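>>> One predicted model, sequence on top.
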Amino acid sequence: MTTTTDDIVDFLERSAAEWPRGNRFEDFAIGRRFRHHWGRTVTEADNTLFSTLTLAYNPVYTNAHLARAEGLPGSPVNPLLVFNVVFGLSVEDLSEGGGPFLGVDDLEYLQPVQPGETLYAESEVIQARLADKRPGYGIVQWHTVGRNAAGAPVIAFKRANLVRTRS
C-alpha cells in the first residue's frame with residue numbers, strides 16, 4: 001500500500017491537538033521568575049539592517065572605523081535593537097497569551113553589546129492585579145534583564161501588559 005499526501009494530511013488532522021499558547025493572569029504570581037529559554041546571537045548584519053531600517057543614522061552603529069576612532073572596539077549594537085531582542089525573547093513566556101502592551105518603564109542600558117554576542121533574558125513578576133475596567137483581564141508588570149553569554153547584565157527594564165484571565 002502506498003501512502004499519499006492526502007493520507008498524511010488526514011492522519012495529521014485526526015491526531016492534531018490544540019496546544020494552548022502563553023500564560024494567563026493566574027500564572028503570574030508576584031515573585032515568579034522566568035528564565036526565557038531562547039538566546040539570540042546579534043550579528044553585524046542584524047545591526048546594520050536594523051539601524052538602516054529604523055533610520056538610526058548615528059554612524060557609530062554602522063562605521064567600525066569611526067567607532068574605533070571614538071575609543072570603541074568596533075561598532076556596538078544599536079541599543080534599540082538590544083532592547084527589541086531581549087523584549088522579544090520574553091514574549092513566549094509573558095505576553096503570547098494575548099492582551100495589549102501597556103508600556104516600558106525604567107529602561108537602563110547597562111553596557112554596550114558587540115556584534116557576535118549572544119543575549120539571554122530573564123523576567124520576574126513584580127506586580128499583578130485584576131483590571132478595574134476590563135473584565136476578564138489583569139494588569140501584570142515584569143522586570144526583565146538581558147544578559148550576555150558571560151552572564152553580565154546589558155539591559156534592564158520593566159514592562160506591563162493587559163493579560164487575559166482564564167475565565
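Cool, got the structure. Numbers count the residues shown, from 1 in each chain.
>>> From residue 131, how far out is the residue nearest the centre of the chain?
Centroid-nearest residue in the chain: residue 88, 2.0 Å away (criterion: C-alpha atoms, centre = their mean). Per C-beta to C-beta, to the nearest Å, residue 88 is found 25 Å from residue 131. Backbone N, C-alpha and C define where each C-beta goes, glycine included.
>>> on that earlier part again, with residue 50 as the reference, measure out to the nearest residue to the residue nearest to the centre of the chain once chain neighbours are set aside.
For residue 88, ignoring the flanking residues on the chain, the nearest one in space by C-beta to C-beta, 6 or more residues apart in numbering is residue 40 at 7.5 Å. Residue 40 is 12 Å from residue 50, where distance means C-beta to C-beta.
>>> Ok, residue 104 next?
18 Å.
>>> Of these two, give the one with the bigger neighbour count.
The neighbour count for residue 104 versus residue 50, taken as other C-beta atoms under 10 Å, is higher for residue 50 (19 against 13).
>>> in this structure, which ranges drop under the pLDDT threshold?
Within the chain, the stretches with pLDDT under 70 are 1, 19-20.
>>> for it, which helix is longest?
Using DSSP state H, we find that the single longest helix of the chain is helix 79-94.
>>> Next, the buried residues of that helix.
79, 81-83, 85-87, 89-90, 92-94 (16 or more other C-beta atoms under 10 Å).
>>> Would you list the strands that the helix or strand harbouring residue 126 pairs with, along with their directions?
Element membership for residue 126, per DSSP states H and E: strand 118-130. Sheet partners assigned to strand 118-130 using DSSP bridges are listed as strand 33-41 (antiparallel), strand 137-148 (antiparallel).
>>> what is the orientation angle of the longest one with helix 79-94?
Strand 137-148 and helix 79-94 are oriented at 130 degrees to each other (axes from the mean of the first three to the mean of the last three C-alpha atoms, to 10 degrees).
>>> How about the first one?
Comparing the axes of strand 33-41 and helix 79-94 via the same axes, to 10 degrees yields an angle of 130 degrees.
>>> Using CSV, write down the CA coordinates of strand 33-41.
Presented in CSV, the C-alpha positions along strand 33-41 are these (Å, rounded to 0.1, in the frame of the first residue of the first chain):
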residue,chain,number,x,y,z
ARG,A,33,10.8,34.1,37.8
PHE,A,34,11.1,33.1,34.1
ARG,A,35,14.4,32.2,32.5
HIS,A,36,13.4,32.6,28.9
HIS,A,37,14.8,29.6,27.1
TRP,A,38,15.9,31.0,23.8
GLY,A,39,19.0,33.1,23.3
ARG,A,40,19.8,35.2,20.3
THR,A,41,23.1,36.0,18.7
